[in-house]
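Enquirer: Please find the sequence and the predicted model below.
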Amino acid sequence: MFHHSRRRLARSFAGVMGGILLVFAAVFYRLEVENQLQAFDEELQVQAGIMAAAIKYELRQGQWRLVLNEVPFLGGKTQPLDHHLAYVRWFDPAPGTGRESLGSLRQYTGSRPPLELFDLDGPPHHLQLGFQTVEGESGLLLRQLTLPVQQEEKLLGYLQLAVPLEPLQLTLGRLRWGLGIGIPLTLALIGGAGWILGGLAMQPIRRSYEQLQRFTADASHELRAPLAALMSNAQMALLAPEQAQPRLEKVVSGARRLSVLIDTLLQLARQQGSLPLEDLPLLNLRALLQELSEQYRPQAEALGLHWQCHLPETDLSGGWLVRGNAALLRQAIENLLRNALQYTPAGGTVQVSLESQRQRAYLHVKDTGIGIPPEHLPHLFERFYRVDETRARHTGGFGLGLALSQQIVTAHRGSLRVASQVGEGSIFTVELPLSSSTSFFSAILKMSRDNPNRLVLSIGVYDQ
């Protein structure tokens, strides 16, 4: 399914980008042709202006005569060696035709005109004024300009000149060759890039799909066992009324287990994304840990464990402020504490500590328990994941506690990490951002240690 979707995505990407590339290449080629033709047209226009300016219409021996002797190329002067003109032609206007573009060939220089232009007894030839692209000798393309020459509102004739388009053909040939190689190569690169990008785009979708499948399978499995136990105990209670009391107690226990599972799943579904910390109240993290330590110390001692709590010394209640939801953070930390108690054998040690670095609070929950194998660490915070299935079911766990803790900590813009060695224990580290006001109290605390008198002055200024 994902391979097919990736192929379709890559094909669509390559099609769209290929279409854009082809349109761009066509527009670029068209603009290049127009720019090159414009350069030839400008050269023809300049040459035609020079020639037209040299044409004279003078009164000689009582008659008006057209003098072309001074016209470059048409006159008797030597032609410059660097000229690019293929030919220059002069057409006399047809008698009685007025300003219509009809004329008869009178004089030319360069390549020989077609035979029909030499038929002086035939009808005048129609001349297409302006720029045209025509075919010359040996199939060579020419850029031709034909324009009327007037003097004092009198039409003297038509000047026609042309330059070969061979340089343009060579340039466009190289351009077509480059596009012919570059476009397929670029399309191949686009296709490869589309395949790679399609794979990258499908990775989060694949992971989400796999997580959804795993979550559905695990949730179905977890719900099936309590429901089966409920049905079995209910049926036995109906068949044997004298044993109804213990059976009903098991039904209640199973219902509570289902309720805990459903509540946990709902919390996981609700805590998506980050919480708006700016709108949350300030919470004293040290005070919360102190309260939880006093709550869990008796449980640890009842299990034969050594409980240690190392909290920083401070006389200021605002020294460890974080913004967050107190109930959620309490639940996240309690999950870590219960996890440490469950997986630490009698005689072991559970240690809770708190420290700060660069406006970040670090809460460590360390135990000397059985540890976690390295292959399980990457999956430890996944929902319904258990390292030891037998022990987890015996303790009533669903494999959701660590996933919920990580989600809560992440929602508070923090992080939850774990380091563990088999047989030596584990250490879970919760990192949370301290409130900006914490730096103020920390500064006062530092001043109090360095100079008590200065602290009194600072507090006095602050209270004012």
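Expert: That came in fine, so what should we check first?
Enquirer: Which pLDDT value goes with the residue nearest to Pro72 when sequence neighbours are not counted?
Expert: Leaving out its chain neighbours, the residue that sits closest to Pro72 by Cβ to Cβ, 6 or more residues apart in numbering is Met51, at 5.8 Å. Bear in mind the C-beta positions are built from the backbone N, C-alpha and C, glycine included. With respect to pLDDT, Met51 scores 84.
Enquirer: give the contact list for Met51.
Expert: Val71, Pro72, Phe73, Leu74, Val88, Leu159, Leu161 (Cβ atoms under 8 Å, 6 or more residues apart in numbering).
Enquirer: Which pLDDT value goes with Leu185?
Expert: Value for Leu185, per-residue pLDDT: 91.
Enquirer: What segments of the stretch 301-450 of the chain are strands?
Expert: 306-310, 321-323, 349-357, 360-367, 415-421, 425-433 (DSSP state E, counting those that start in this stretch).
Enquirer: who does the longest helix along the chain touch, helix- and strand-wise?
Expert: Across the chain, the longest stretch assigned as helix under DSSP state H is helix 166-239. Under the contact criterion of 3 or more Cβ pairs under 8 Å, 6 or more residues apart in numbering; DSSP states H and E, helix 166-239 touches helix 2-54, strand 141-151, helix 244-270.
Enquirer: Give me the angle between it and helix 2-54.
Expert: Between the axes of helix 166-239 and helix 2-54, defined by axes from the mean of the first three to the mean of the last three Cα atoms, to 10 degrees, the angle is 160 degrees.
Enquirer: quick one on the thing from earlier: highest average neighbour count across the helices and strands packed on helix 166-239: which stretch is it?
Expert: Comparing these by mean neighbour count (mean count of other Cβ atoms under 10 Å), strand 141-151 comes out on top with a mean of 18.
Enquirer: avg pLDDT for that strand?
Expert: 87.
Enquirer: what does stretch 18-28 give?
Expert: 90.
Enquirer: Contacts for that stretch next, please.
Expert: Contacts of stretch 18-28 (Cβ under 8 Å, 6+ apart): Leu179, Ile183, Thr186, Leu187, Ile190.
Enquirer: count of neighbours near the second one?
Expert: Counted with other Cβ atoms under 10 Å, the neighbours of Ile183 add up to 15.
Enquirer: Return the residues in contact with it.
Expert: Ile183 neighbours (Cβ under 8 Å, 6+ apart): Leu21, Leu22, Ala25.
Enquirer: can you check the fourth one too?
Expert: With Cβ under 8 Å, 6+ apart as the criterion, the residues that contact Leu187 are Ala14, Gly18, Leu21.
Enquirer: right, and Val149 touches Leu156 too?
Expert: Yes - when contacts are counted by Cβ atoms under 8 Å, Val149 is listed as touching Leu156 (4.8 Å).
Enquirer: what sits in contact with each of these two?
Expert: Joint contacts of Val149 and Leu156 (Cβ under 8 Å, 6+ apart) are Ile55.
Enquirer: Tell me which of the contacts of Met51 fall in strands.
Expert: Those of the contacts of Met51 mapping onto strands are Val88, Leu159, Leu161, per DSSP state E.
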